[in-house]
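>>> Structure for the following, please:
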Amino acid sequence: MSNKATAKANENAKAKAAEKVKIAQANAAAREKSSATAQTSAAENSSSSATNEQKAKRSKGVKDSKGVVMLRQVKISSPFQTYFNNPAYSVSAVNDTGPFDILPGHKNFLTLLLPGELIVRTARDEEKLKIDRGIMHVHDDNVVVFLDV
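You can find the predicted model right below:
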């Protein structure tokens with residue numbers, strides 16, 4: 001073979017090799033993208049199932065004799081006394097934005113309470129407490145109120 005023919009054959013071999021490298025890189029990138037998509041999908045499914053579990057957990061909650069869902073636990077206390085510590089239907093209070101109610105399934109919540117009445121609705125009646133200040137924490141249908149802190 002002549003030098004020109006050899007040079008041409010070498011160029012063709014290099015071009016084919018470069019093409020194979022490009023194809024291999026494209027395939028690797030596609031596999032990485034597919035793997036990342038699968039991981040994202042698995043994470044979303046895991047997150048979705050956790051959210052569904054939380055919703056199921058909330059809907060199961062504490063129920064009264066008629067099957068009405070209640071807040072699991074409402075605890076109202078000050079440093080030296082516990083005023084209330086039972087399940088309840090709802091809690092009403094006032095914060096900087098105005099009056100509000102906590103019902104079963106309420107989002108997690110933390111607020112400073114303003115002076116006024118704190119009302120807890122139970123199966124028997126309404127418990128009303130006159131408060132000067134307090135902190136309320138709501139988490140998974142559990143309400144904790146710290147007064148005079």
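>>> just for the chain, where's the confidence low?
1-5, 7-10, 12-18, 20-21, 24, 28, 35-61 (pLDDT under 70).
>>> tell me the helices in it, going along the chain?
3-60 (DSSP state H).
>>> Neighbouring strands of the biggest strand by length in it in the sheet, and parallel or not?
In the chain, with assignment by DSSP state E, the single longest strand is strand 69-78. Sheet pairing of strand 69-78 (DSSP bridges) gives strand 62-63 (antiparallel), strand 81-88 (antiparallel), strand 142-147 (parallel).
>>> Just name the most buried of those.
Mean neighbour count, computed with mean count of other C-beta atoms under 10 Å, is highest for strand 142-147 among the strands paired with strand 69-78, reaching a mean of 19. Yep, even glycine has a C-beta here, placed from its N, CA and C like the rest.
>>> list the buried ones in stretch 124-142?
127, 129, 131, 134, 136, 138, 141 (16 or more other C-beta atoms under 10 Å).
>>> Where do the domain boundaries of the chain fall?
Domain assignment of the chain by automatic domain parsing yields the ranges 1-60, 63-147.
>>> how much space between the closest residue to residue 122 other than its chain neighbours and residue 121?
Among residues not flanking residue 122 along the chain, residue 88 sits closest, at 5.1 Å (C-beta to C-beta, 6 or more residues apart in numbering). Residue 88 is 6 Å from residue 121, where distance means C-beta to C-beta, to the nearest Å.
>>> Could you do residue 62 as well?
Counting by C-beta to C-beta - residue 62 and residue 121 are separated by 14 Å.
>>> Give the buried residues for stretch 74-81.
Quick answer for stretch 74-81 (16+ other C-beta under 10 Å): 74, 76, 77.
>>> Now for the first one: which residues touch it?
Yep, that's residue 74 we're talking about. Shown in contact with residue 74 (C-beta atoms under 8 Å, 6 or more residues apart in numbering): 84, 85, 86, 87, 88, 91, 120, 142, 143, 145.
>>> Thanks again, I'm all set now.
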